[in-house]
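K.L.:
Sequence and predicted structure, then a few things I'm wondering about:
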Amino acid sequence: MTFIEPVLTKRIPCGPKSDIKGRHIVTLEEYQRTGGYKALEAALDMEPAALVALVKDAVLRGRGGAGFPAGLKWSFLPPVDGKGSRYLCINCDEAEPGTFKDRLLCDFDPHLILEGIAIACWACQLDVAYFFIRGEYHHQARVVERAIEEAYAAGIFGKQGMMRGKVKFAAECHLHRSAGAYICGEETGLLEALEGKRGWPRVKPPFPAVKGLFGRPTIVNNVETLAAVVPILEKGVAWWKSIGVESAFGGMPSWGPKLMGVSGHVAKPGCFEAPLGVTLSALVNDYCGGMRGGKKFKGAIAGGVSMGVLGTDQFDAVMDFDIGRACNVLGLGTACPTIFDEDTDMIAVARNSARFFMNESCGQCTPCREGSGWVYKMLTRIERGDATTADLDLLVEVAGSMGLSEGTTICGLADGTNWVVRTIVEKFRGEFERRVKPKFVPLHLAAR
Ligand SMILES: Cc1cc2nc3c(=O)[nH]c(=O)nc-3n(C[C@H](O)[C@H](O)[C@H](O)COP(=O)(O)O)c2cc1C
Ligand code: SF4
């Protein structure tokens, strides 16, 4: 099944054949007229614990990168203690290169996100929500701010609260604009930034659910994760499970629709709502009109640069949460692939990606702070043709030793350098070997 009935984008024309001229910002009035905020009403008729159980049953896996099940995360919250606020942080930092999916919802259907936020606040008994938005998203920040104002005016947010029978729901929602650093998207870097400090990730545990913003219980969820709660309530868990795929490895399933932003050398790049489990080739051919200029597929960034790359023989990769295991990449990430055609210089891709991670390292961990700079310098030498095969081996060793997966860093930013560099060298080694000199030839002799 390649195409599905859109639910996250039902008010936003964005299918392969849709005319994007029909796009406009959905107002509160239009959102409610088309069934909006009915899921919130249904949620308020349920006990919070039953809602958490429902989201748990749906196995709604986080859409921000790690794929952690939202319901399970929600269930880690301690009981309400009455000692202060409990927070929801909406992660809209979206600074992963090649990723532009949360932006689509902010741009055109902000109330879908706000409804998901309100439902999550009720389910988890959270009373303050911070919408943490990427610094460069000026327009999106204005759109979301206006939608929050509309929601306050309609009594959806605010101290007076919404009454449903004898049940009162009252939560505040504030927009917070990030200063514009990739590391502020990492959930604990985000918490530090929200507290007004430098965006330095925290050592975990304690996890935010137990000790998060201002030391209080906090849930951090991605924009799309929260938006997806709305159709789960509207259409039911059985419907949710009818989309997507079971794990081929006996692990957690990949259910539901997913926003997939496809960029690079395709005829029509864009952000599409596709079923989890769609193949990369179907995304390229059916959604994006094929490769640009009829060129051949060479490779792709799996789902945001930090996930690493897919090789030429992985065009049919299944876009689900098992892609890491199946295709030797870190994971599905944001499910926003960047496609490369046959003319792409993969060494330049590696060097450019490494430069990004070097610049964005917060500097707390030595392997990330120093290692990302070494990796970048080595790749620059390789690109110039000034390196030897020994440098190639050293490059793989240095890149492969950094990251959360290696147990050498506080956060996952360093894994980005590790995976993108290692997978490009592994999958395109011939290209690198043609550019470097044999290691047994001294450089001063080789230069003659
Ligand atoms: C360096 C780095 C940057 C990240 N940037 C984002 C981001 O922009 N948006 C996001 O939702 N998650 C981002 N994450 C993942 C978050 O730490 C966290 O897992 C996520 O917000 C949880 O939401 P989810 O469970 O709904 O996916 C990033 C992680 C790392 C290591
Ligand atoms: S891995 Fe890098 S970005 Fe993450 S905390 Fe360490 S130094 Fe900072």
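P.N.:
Everything's here; your move. Ligands and ions are numbered 1, 2, ... in the order given.
K.L.:
and Met358, what is it in contact with?
P.N.:
Ser372, Gly373, Val375, Tyr376, Thr417 (C-beta atoms under 8 Å, 6 or more residues apart in numbering). C-beta here means a position set from N, CA and C on the backbone, and glycine is covered the same way.
K.L.:
Helix or strand: which one has the second one?
P.N.:
For Gly373, the element it lies in under DSSP states H and E is helix 366-384.
K.L.:
Greatest separation within the contacts of Met358: which pair is it?
P.N.:
Of all pairs drawn from the contacts of Met358, the widest gap by C-beta to C-beta lies between Gly373 and Thr417 and measures 10.0 Å.
K.L.:
So the two - more neighbours on which side?
P.N.:
Per other C-beta atoms under 10 Å, whichever of Gly373 and Thr417 has more neighbours is Thr417, with 33 against 17.
K.L.:
which secondary structure element contains the closest residue to the more buried one other than its chain neighbours?
P.N.:
Spatially, and ignoring its direct neighbours in sequence, Thr417 is nearest to Phe357 (4.3 Å; C-beta to C-beta, 6 or more residues apart in numbering). Assigned by DSSP H and E, Phe357 belongs to helix 346-360.
K.L.:
Could you do Leu51 as well?
P.N.:
helix 48-57.
K.L.:
what does Pro13 give?
P.N.:
Here Pro13 is assigned to no helix or strand, by DSSP H and E.
K.L.:
quick one: stretch 307-314 to chain centroid distance?
P.N.:
Stretch 307-314 sits 18 Å away from the centroid of its parent chain (C-alpha atoms, centre = their mean, to the nearest Å).
K.L.:
actually stretch 61-80, sorry about that
P.N.:
In terms of C-alpha atoms, centre = their mean, the centre of stretch 61-80 is set 14 Å apart from its chain centre.
K.L.:
Wondering if that stretch reaches ligand 2 at all.
P.N.:
No - Stretch 61-80 lies apart from ligand 2 when judged by C-beta under 6 Å from any ligand atom; the minimum separation is 13.8 Å.
K.L.:
And for stretch 397-407?
P.N.:
No - judged by C-beta under 6 Å from any ligand atom, stretch 397-407 and ligand 2 are separated, with a smallest distance of 7.2 Å.
K.L.:
list the buried ones in the helix holding Gly373?
P.N.:
Judged by neighbour count using 16 or more other C-beta atoms under 10 Å, the buried positions of helix 366-384 are 367-369, 371-376, 378-379, 381-383.
K.L.:
same deal with stretch 269-286?
P.N.:
269-280, 282-286.
K.L.:
helices or strands next to the helix holding Gly373 in the packing?
P.N.:
When contacts are defined as 3 or more C-beta pairs under 8 Å, 6 or more residues apart in numbering; DSSP states H and E, helix 366-384 packs onto helix 346-360, helix 389-400, helix 413-427, helix 429-435.
K.L.:
now the angle between helix 413-427 and the second one, please.
P.N.:
This means helix 389-400. 140 degrees (axes from the mean of the first three to the mean of the last three C-alpha atoms, to 10 degrees).
K.L.:
what's helix 389-400 in contact with?
P.N.:
371, 374-375, 378-379, 381-382, 406, 417-418, 421-422, 425-426, 432-433, 436-439.
K.L.:
pull the longest strand from this protein.
P.N.:
strand 257-264 (DSSP state E).
K.L.:
Flag every buried residue along stretch 384-403.
P.N.:
Here stretch 384-403 shows Ala387, Thr388, Asp391, Leu392, Leu395, Val396, Val398, Ala399, Gly400, Met402, Gly403 as buried, counting by 16+ other C-beta under 10 Å.
K.L.:
meant to ask about stretch 290-310, not that
P.N.:
Neighbour-count burial for stretch 290-310 [16+ other C-beta under 10 Å]: 290-292, 295, 297-310.
K.L.:
And for the residue nearest to Thr417, the neighbour number?
P.N.:
28.
K.L.:
re earlier: of all the contacts of Met358, which comes closest to ligand 2?
P.N.:
Ser372 (7.6 Å; C-beta to the nearest ligand atom).
K.L.:
ok, the nearest residue to the closest one once chain neighbours are set aside to Leu283 distance?
P.N.:
Leaving aside its sequence neighbours, Ser372 sits nearest to Met358 (C-beta to C-beta, 6+ apart; 4.1 Å). Met358 sits 30 Å away from Leu283, going by C-beta to C-beta, to the nearest Å.
K.L.:
For the chain, which residues are neighbours of ligand 2?
P.N.:
So the chain meets ligand 2 at 183, 201, 361-365, 368-369, 409-411, 413-414 (C-beta under 6 Å from any ligand atom).
K.L.:
coming back round to it: how near is the residue nearest to Ser372 to Tyr376?
P.N.:
Taken as C-beta to C-beta, the span from Met358 to Tyr376 is 5 Å.
K.L.:
Would you format the helices and strands packed on helix 366-384 as CSV with distance to Asp102 and mean pLDDT included?
P.N.:
As requested, the helices and strands packed on helix 366-384 are exported to CSV (distance: least, C-beta to C-beta, whole Å; pLDDT from 0 to 100):
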stretch, distance to Asp102, mean pLDDT
helix 346-360, 18, 97
helix 389-400, 28, 93
helix 413-427, 19, 97
helix 429-435, 34, 94
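K.L.:
Dump the ones you listed to CSV, plus distance to Leu332.
P.N.:
Converted to CSV, these look like this (distance: least, C-beta to C-beta, whole Å):
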stretch, distance to Leu332
helix 346-360, 18
helix 389-400, 21
helix 413-427, 13
helix 429-435, 25
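K.L.:
Out of the ones you listed, which gets nearest to Ala170?
P.N.:
That would be, of the helices and strands packed on helix 366-384 and by C-beta to C-beta, helix 413-427, which comes in at 36.7 Å.
K.L.:
quick one: buried residues of the closest one?
P.N.:
For helix 413-427, the neighbour count (16+ other C-beta under 10 Å) marks 413-425, 427 as buried.
K.L.:
can I get the residues you listed in a markdown table with distance to ligand 1?
P.N.:
Shown next, in a markdown table, are the buried residues of helix 413-427 (distance: C-beta to the nearest ligand atom, whole Å):
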| residue | distance to ligand 1 |
| --- | --- |
| Leu413 | 4 |
| Ala414 | 9 |
| Asp415 | 7 |
| Gly416 | 7 |
| Thr417 | 11 |
| Asn418 | 12 |
| Trp419 | 12 |
| Val420 | 13 |
| Val421 | 16 |
| Arg422 | 17 |
| Thr423 | 17 |
| Ile424 | 19 |
| Val425 | 22 |
| Lys427 | 23 |
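K.L.:
quick one on the thing from earlier: which is the succeeding secondary structure element to the helix holding Leu51?
P.N.:
helix 70-75.
K.L.:
And Asn221, which helix or strand is it part of?
P.N.:
Counting by DSSP H and E, the element that carries Asn221 is strand 218-222.
K.L.:
elements contacting that strand?
P.N.:
Counting by 3+ C-beta pairs under 8 Å, 6+ apart, strand 218-222 packs on helix 70-75, strand 87-92, helix 110-124, helix 187-194.
K.L.:
Alright, I will stop here.
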